[in-house]
Structures are given as structure tokens and as C-alpha cells.
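Trainee: sequence unknown, structure follows:
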């Protein structure tokens, strides 16, 4: 536990303390110090990609799916897989925690980090496409950070043909597998707890059903993408529709809510009270945790896409950050901020969110929150096992035994988590994603010019096609 706590604090604890007006402090963790400057750098290098190319992201998403290679998935399907894992418990409980600790102003900083994160997501997804390779087991393609990290270090040493694995790439893959095992336990615990609160169902029954249902999907060769293809649009659409209904019913309060968000983000009151540091960092950390940009997880799905140009998948994954943070996380924020604070004082986590939903839509709100948490969490579980595929292959080669054993291990962790929460496992998951981010970012900055060149090539070709159509 001491070792786990040491590494957890090293990655997520306050590495640098910056004093602020009013006696407040701004604690900067190692990952914040890495990801935010990188996001600014990538945004500048792509000439403001999140703002400039948002319409192009939408256009690509609406294009007809064209998959030439049998067993491959389309660019939009890769976006759906990555959205399944991005949109999870953090979009519900995490946002609630950020607002509880940092106030309404945390939402603004969450939005800002999402804009920077979309540029990072573009770079890593484009590189995943550039360095992808054929998948002899599942068909189609595979790749991700382990593969572009491998290429980067092997090409530098001119040993591409002599060594099958790079140390940093192998460490990334191991960190990912560690992280996803930890997440599996968290998912099992959150779902069983939510169903016990909402329906008074004993955790053992929820856990058995959840594990069997997950096993039926993940142990089949091509079931994951097919299930997520249906599940993700439905769950995101339902949550957005309910939030829209709540917003319309409380439309008169919206100006005050937005005023509160912006005033508390930069507010004099927060600075004087010594709380501005908490406002900034709770919003920033929630944005980083939720959209996962820079962690290297989403590129594992991006590499599997059969798409006409690498930059197109990069733009799709950049849109994924918008969907996760600017859409789904904002939905939770609006639900919270449109609820009278007198009803939620003293509450936290799931209890706080269910109370807010009950205020807006009655008893149905409690049930809906439990069901939507199940959908978010379950889709995350089957999505992370899709991510695991290329990393298992990188470490252990192309064989069904290693693929199946890891799935069984994840199912066991899901089952254990449904019955009891183990803090050490939770922290191991956080350490895993922290290490993934560090190993990924080691090569993301030096390889970024390849992604930038790919974007320039895509824009050049796109302009040429538009001119030819006009002629």
C-alpha cells in the first residue's frame, strides 16, 4: 500500500504549489504539468484545430461508412468505441465531485481543458492511423501508442528488424492492462451500488447478471463493436434528451447559471475567500480525467479504423472529446446547477446526483440515474477490452490464449468489484492511466510533426476536391 500510495501521489498529487491571492494555492500535479502545456502546443501547431475545424469534424461524422477491409471498422465506429470508454462514471459522479469541491466555476475550466484536449486527441489518433498494422486475429487493423512508440525508438536506433519490443512501448501496454483491470473493479462496484440504492437489489444478483452479460459479449469475436454501435448513441441520446427537458423546464434560470459559471471561474469572491485554486484545478482535473486525451487509450480504437486518410480519424477523435466533455459532462453540470443548493447540502456522489434528478423529474429520476450509470459503465467495460486487444498482442504475440485469459481476468475483476470495493485496486487503476499518459507523451511531442503534416495534406486535398466540384 505504501508503494501504491507513493506512485499515486507522484502522478496525481500536488507536485508544485503556486500561491494565489486571498491565501489560496494552485496545486499542479505531474500529469497536469504535462498535459496542459502539450494541449496548448498542439492547439497552436494545428492553428486552432478545435475552433477552426469543428464543422469539418461534423461533416466527416455524417459521411457514409465505407469499409473496404473485412473485419475492419469504420472511422465513426472507432469514434463510438472511444466514446463508450470516455463517457463513463466520471461524466456523472466525477462532474458532481468537481462542482461540489470547486463550485460552478469548475465547469468553465472543464470546458477550456476539453478544447485543448481535442488537439491532443487529434495528434495521438492520427499517429495511431499512420502506424497501424494488419490484425491477423480479429481481422482489419490494430495499433495505438505501443506501436508508434515502438516505431519511434526502433527507428532512432536503426534496430527495427532486430527487436520485437521496445521497453517504453511494453511499459505502456502493461500500464494499460493494469489500468483497465482496475477500472473493471470500479465499474462492478459502481453499478451494484447504484442498483442497490435505486431498486434494493442485493449486489450479488446485480453482479452475477452483469458479469454473465459482459462475458457473452466480450468472449465473442466481433460482438463488441456491434453492441456499442447500438448502445452508445442510445445512452448518450437518452441522457441528452432528459437534460434538454430539464433545461427547457428551467429556461428562466439559465442566464443566472451561466453568469455563476463565469463569475466563479474568475470571481473576485473566490479569490478573496482563498478558493480560486480549487475552482481551477477541480475543473481542469475533471476535464483531463474524463476526456482521456493524451492517455493513449482512444488511439487503440482509432488505429482499428479503415478510413481514407489518417487525419480524418484524428478529427473524429477530436470530436469525441467535445462529445464527452462539452456535451455529456455539461449535461450533468446543468442538472446540478439547476437544482436548489438547499436540497443537496451535505450530499455527495451518487446520492447528490440522484437527489438532483429526483427534484427535476420525480422518482423516475432516481431510477433513470441508476440505469444510465449502468449503461455508461457497462459500455466502458466492453470498450476497454477492445482497447486491450492490440496491447496484449504487442506483449504476448498473436494468439487467442493470451487474449482470452485477459478477458477472463477482467471479468473476474468486474465480479469482485461488484461485491466489494478495494481502494488499492482503484488507485492501481489511476496509477495505470497516469503511467500510460507519461509513456505516451514521451513520444507524442517529437512525433507530432507527422500528425501536423498529415493534417496539412488532408486540408490541401480537401480544398482541391472542393475546387474541382465547383468547376
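Mentor: Received it, and whenever you're ready, just let me know what you need. On a predicted model such as this, the values are computed, not experimentally measured, just so you know.

Trainee: quick one: the helices in the stretch 151-300 of the chain?
Mentor: Taking DSSP state H, counting those that start in this stretch to define them, one finds helices in the stretch 151-300 of the chain at 167-199, 203-218, 223-249, 254-266, 268-272, 276-291, 299-302.

Trainee: Distance from the longest one to the middle of the chain?
Mentor: Using CA atoms, centre = their mean, to the nearest Å, the distance from the centre of helix 167-199 to the centre of the chain it belongs to is 13 Å.

Trainee: okay, which residue is most central for the chain?
Mentor: Against the mean C-alpha coordinate of the chain, by CA atoms, centre = their mean, the closest residue is residue 86 at 2.9 Å.

Trainee: thought that residue was touching residue 326?
Mentor: No. In this structure, residue 86 is not within contact of residue 326 by CB atoms under 8 Å, at 11.9 Å. C-beta: built from backbone N, CA, C; applies to glycine.

Trainee: What mean pLDDT does the longest helix along the chain get?
Mentor: Ranked by residue count and defined by DSSP state H, the top helix of the chain is helix 423-470. The average pLDDT for helix 423-470 rounds to 81.

Trainee: now for it, which elements pack on it?
Mentor: Helices and strands touching helix 423-470, by 3 or more CB pairs under 8 Å, 6 or more residues apart in numbering; DSSP states H and E, are helix 2-12, helix 30-45, helix 105-130, helix 145-157, helix 167-199, helix 310-321.

Trainee: count of residues packed around the nearest residue to residue 366 once chain neighbours are set aside?
Mentor: Leaving aside its chain neighbours, residue 366 sits nearest to residue 354 (4.8 Å; criterion: CB to CB, 6 or more residues apart in numbering). For residue 354, the count of nearby residues is 22 (other CB atoms under 10 Å).

Trainee: Quick check: which element contains residue 354?
Mentor: helix 349-361 (DSSP states H and E).

Trainee: what comes into contact with that helix?
Mentor: The contact list for helix 349-361 (CB atoms under 8 Å, 6 or more residues apart in numbering) reads 92-93, 96-97, 100, 190, 193-194, 197-198, 242, 245-246, 249-250, 332, 335-336, 338-340, 343-344, 347, 365-366, 368-370, 373.

Trainee: Verify the contact between residue 219 and residue 410 for me.
Mentor: No. Contact criterion CB under 8 Å: residue 219 and residue 410 do not qualify, at 10.8 Å.

Trainee: In the protein, what helix or strand scores lowest on average pLDDT?
Mentor: Lowest by mean pLDDT, DSSP states H and E among the helices and strands of the chain is helix 268-272, with a mean of 46.

Trainee: Where does pLDDT dip in the stretch 251-400 of the chain?
Mentor: By pLDDT under 70, the weakly predicted segments of the stretch 251-400 of the chain are 266-291, 344, 346-350.

Trainee: What count of nearby residues applies to residue 436?
Mentor: 28.

Trainee: For it, give me its contacts.
Mentor: By CB under 8 Å, 6+ apart, the contact set of residue 436 is 145, 172, 175, 176, 179, 295, 296, 297.

Trainee: and if you look at residue 195?
Mentor: Listed by CB under 8 Å, 6+ apart, the contact set of residue 195 reads 201, 203, 206, 370, 374.

Trainee: Go again with 6 Å.
Mentor: Counting by CB atoms under 6 Å, 6 or more residues apart in numbering, residue 195 touches 201, 206, 370.

Trainee: that older thread, residue 219 and residue 410: who's more crowded?
Mentor: Between residue 219 and residue 410, residue 410 has the larger neighbour count (other CB under 10 Å), namely 25 against 14.

Trainee: If I look at the more buried one, what pLDDT would I see?
Mentor: 89.

Trainee: Please shift the residue numbers so they start at 59 in all later answers.
Mentor: Will do, 59 is the new start, and the previous item becomes residue 468.

Trainee: Quick check: it is in a strand.
Mentor: No. Under DSSP: H, G, I helix; E, B strand; the rest coil, residue 468 falls outside any strand and is assigned helix.

Trainee: Tell me how far it lies from residue 449.
Mentor: Separation of residue 468 from residue 449 (CB to CB, to the nearest Å): 13 Å.

Trainee: Kindly report the same for residue 310.
Mentor: Taking CB to CB, one finds residue 310 at 50 Å from residue 449.

Trainee: How about residue 415?
Mentor: 37 Å.

Trainee: same deal with residue 322?
Mentor: 41 Å.

Trainee: Between those two, tell me which one has more neighbours.
Mentor: More neighbours surround residue 449 than the other of residue 322 and residue 449, with 28 against 22 (other CB under 10 Å).

Trainee: for the closest residue to the more buried one other than its chain neighbours, what are its contacts?
Mentor: What sits nearest to residue 449 in space, not counting adjacent residues and going by CB to CB, 6+ apart, is residue 231, at 3.9 Å. Counting by CB under 6 Å, 6+ apart, residue 231 touches 204, 449, 452, 453.

Trainee: among these, which are in helices?
Mentor: Those of these lying in helices (DSSP H): 204, 449, 452, 453.

Trainee: Show me just the buried residues among the residues you listed.
Mentor: Buried residues within the ones in helices among the contacts of residue 231, defined by neighbour count using 16 or more other CB atoms under 10 Å: 204, 449, 452, 453.

Trainee: which residues touch the nearest residue to residue 516 once chain neighbours are set aside?
Mentor: In space, and not counting its chain neighbours, residue 516 is closest to residue 369: 3.7 Å by CB to CB, 6+ apart. Applying CB under 6 Å, 6+ apart to residue 369 gives the contacts 184, 512, 513, 516.

Trainee: Mind telling me the two of those residues farthest from one another?
Mentor: Using CB to CB, the pair of the contacts of residue 369 lying farthest apart is 184 and 516, separated by 9.1 Å.

Trainee: Show me which of the two is the more surrounded one.
Mentor: Between residue 184 and residue 516, residue 184 has the larger neighbour count (other CB under 10 Å), namely 31 against 20.

Trainee: quick one: contacts for the more buried one?
Mentor: 368, 369, 372, 509, 512 are the contacts of residue 184 under CB under 6 Å, 6+ apart.

Trainee: Low-confidence regions, the stretch 109-258 of the chain specifically.
Mentor: 122-129, 146-152, 159-160, 214-221.

Trainee: doesn't residue 139 make contact with residue 374?
Mentor: No. Residue 374 is beyond contact range of residue 139, at 11.1 Å (criterion: CB atoms under 6 Å).

Trainee: In stretch 224-240, which residues are buried?
Mentor: For stretch 224-240, the buried set under the neighbour-count rule, 16+ other CB under 10 Å, comprises 224, 226-240.

Trainee: I misspoke; the intended subject was stretch 87-99.
Mentor: Neighbour-count burial for stretch 87-99 flags 87, 88, 89, 90, 92, 93, 94, 96, 97, 99 (criterion: 16+ other CB under 10 Å).

Trainee: Roughly how far does the fifth one sit from residue 70?
Mentor: The gap separating residue 92 from residue 70 is 12 Å, by CB to CB.

Trainee: try the second one
Mentor: From residue 88 across to residue 70, the span is 8 Å (CB to CB).

Trainee: any idea how far residue 433 is from residue 289?
Mentor: In terms of CB to CB, residue 433 sits 7 Å off from residue 289.

Trainee: do the same with residue 244
Mentor: 19 Å.
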